[in-house]
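> Predicted model follows, preceded by the sequence.
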Amino acid sequence: MTSTRPPSPATGTGRRPRPSGTGRTAAVLVLVALAALIPVLGPSPALRGTGEAEAPGTGGIALLRAVLFAALSVPLGELLVNRLARSLPGAPWDRPRSWSPHAAAAGFVAALGLASVVATGNLVPDSAADVDVGGLYTSRDGKLALLEVNGFLAAWLCATSRRPGLQVWPLAAVIVADALRAHPTTEYSPLLGSGLTLVHLTCAALWVGGLLYALRVLLRWRGTEVGGALLGLYARVAAVLLAVLTATGVCSSLRRMPAGTILDQLTDTAYGRVLLAKVLLVAAVAVLALWARIRLGRAADPLTACSPARAEVAALGVVVAVSGLLTALPVPIRW
């Protein structure tokens with residue numbers, strides 16, 4: 001009796017079967033879990049042998065800050081790529097489902113957790129009774145923390161409305177508040193530091209979130225020439241973002257670690273060690289980005305550039321986690 005079962009996709013065509021959606025989802029979840037472990041487990045190894053004491057709750061604060069950075073990246077990246085797509089003639093109107101409402105909700109929870117830490121005098125609260133909500137209105141850090149909470153709430157309302165583009169304004173307010181929070185008034189030239197952080201954080205969010213959404217759009221537009229044009233257009237924007245990121249990152253590092261001491265502090269302080277790890281990761285991301293752009297320029301099918309681009313997204317996720325850890329560690333220079 002002749003079998004009626006169709007031939008296996010791995011035989012007869014000479015092609016390997018495409019990975020299932022479940023497999024890709026599992027891989028993404030594993031990468032997210034590994035990235036989450038970095039801020040949780042990172043403080044102790046980074047502080048070992050430096051003589052610096054670990055502040056209470058450093059791991060949790062680092063994780064919350066990593067979530068906050070990711071929550072900024074997703075909607076800003078979608079806004080950037082959608083703007084680029086509208087500039088392409090003949091671009092399909094079909095877009096992947098927006099993740100902005102989920103990102104805003106996650107950012108709201110993270111900002112609320114960070115505000116509770118500020119409300120207890122920068123200590124992790126043991127119970128709700130330890131949180132002095134009214135005290136947030138009496139301090140600069142408290143007001144900035146409330147601004148971030150309200151900013152994400154407003155971003156969520158805009159993302160779920162008929163005018164999702166309006167969320168750019170509350171997200172911009174969150175970035176400004178975070179830049180001001182990172183540089184207290186007792187610091188030398190705090191406005192300069194806040195300005196550098198503002199530009200650095202904005203470019204980083206656009207780079208990370210833009211690449212993520214560009215790949216999602218490319219998969220949705222599979223088989224069209226516009227997809228390759230979109231990825232190429234994003235690549236040009238990303239090159240500018242990387243250049244600005246590098247410049248602002250170097251300037252910020254030199255402000256915290258003067259040139260005469262930077263080599264020692266990169267190995268003898270927790271901040272320097274994590275900063276060095278971040279620099280190496282960003283360098284690896286830049287190599288992956290260059291690889292993807294070369295493949296995009298040489299290949300007829302833009303999807304062939306997706307493999308290094310997906311690796312770039314995963315590496316950028318780790319960079320976000322390391323950045324969250326970096327903001328929670330003690331600054332090596334005392335002002």
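Perfect, thanks for sending it. Numbers count the residues shown, from 1 in each chain.

> Ala105: what's it in contact with?
Shown in contact with Ala105 (CB atoms under 8 Å, 6 or more residues apart in numbering): Phe152, Trp156. Heads up, the C-betas are built off the backbone N, CA and C, glycines and all.

> Which secondary structure element of the protein has the lowest mean pLDDT?
For the chain, using mean pLDDT, DSSP states H and E, the weakest element among its helices and strands is helix 21-41, scoring a mean of 50.

> out of everything not next to it in sequence, what's closest to Ala235?
Nearest residue to Ala235 in three dimensions, chain neighbours excluded: Arg293, at 5.1 Å (CB to CB, 6 or more residues apart in numbering).

> Flag every buried residue along the helix or strand containing the one you found.
In the assignment (DSSP states H and E), Arg293 maps to helix 270-298. Buried positions in helix 270-298, judged by neighbour count with 16 or more other CB atoms under 10 Å: 270-275, 277-279, 281-282, 285-286, 288-289, 291-293, 295-296.

> and if you look at stretch 222-242?
Using 16+ other CB under 10 Å as the test for burial, stretch 222-242 gives 224, 226-231, 233-235, 237-238, 241-242.

> Also stretch 169-176?
For stretch 169-176, by 16+ other CB under 10 Å, it's Pro170, Leu171, Ala172, Ala173, Val174, Ile175, Val176.

> Next: stretch 206-219.
Under 16+ other CB under 10 Å, the buried positions of stretch 206-219 are 206-218.

> and which of those residues is nearest to Thr261?
Nearest to Thr261 among the buried residues of stretch 206-219 is Trp207, at 29.5 Å by CB to CB.

> and the nearest residue to that closest one once chain neighbours are set aside, how far is that from Leu198?
Leaving aside its sequence neighbours, Trp207 sits nearest to Leu241 (CB to CB, 6+ apart; 4.6 Å). Distance, Leu241 to Leu198, using CB to CB, to the nearest Å: 14 Å.

> before we move on, what about Arg220?
Between Arg220 and Leu198 the computed distance is 32 Å (CB to CB).

> Going by residue numbers, what spans are strands in the stretch 201-335 of the chain?
Remark: no strands are assigned in the stretch 201-335 of the chain by DSSP state E, counting those that start in this stretch.

> Low-confidence stretches in it?
223, 296-306, 332-335 (pLDDT under 70).

> mind listing the helices for it?
Taking DSSP state H, counting those that start in this stretch as the criterion, the stretch 201-335 of the chain contains helices spanning 225-256, 262-268, 270-298, 306-328.

> Can you add distance to Trp156 and give the ones you listed back as a markdown table?
Converted to a markdown table, these look like this (distance: least, CB to CB, whole Å):
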| stretch | distance to Trp156 |
| --- | --- |
| helix 225-256 | 25 |
| helix 262-268 | 39 |
| helix 270-298 | 29 |
| helix 306-328 | 20 |
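
> just so I know, which of these lies nearest Ala104?
Nearest of the helices of the stretch 201-335 of the chain (CB to CB): helix 306-328, 16.5 Å.

> Compute the inter-axis angle for that closest one and helix 270-298.
Interaxial angle, helix 306-328 versus helix 270-298 (axes from the mean of the first three to the mean of the last three CA atoms, to 10 degrees): 160 degrees.

> chain center to helix 306-328: distance?
Relative to the chain's own centre, helix 306-328 is displaced by 7 Å; criterion: CA atoms, centre = their mean, to the nearest Å.
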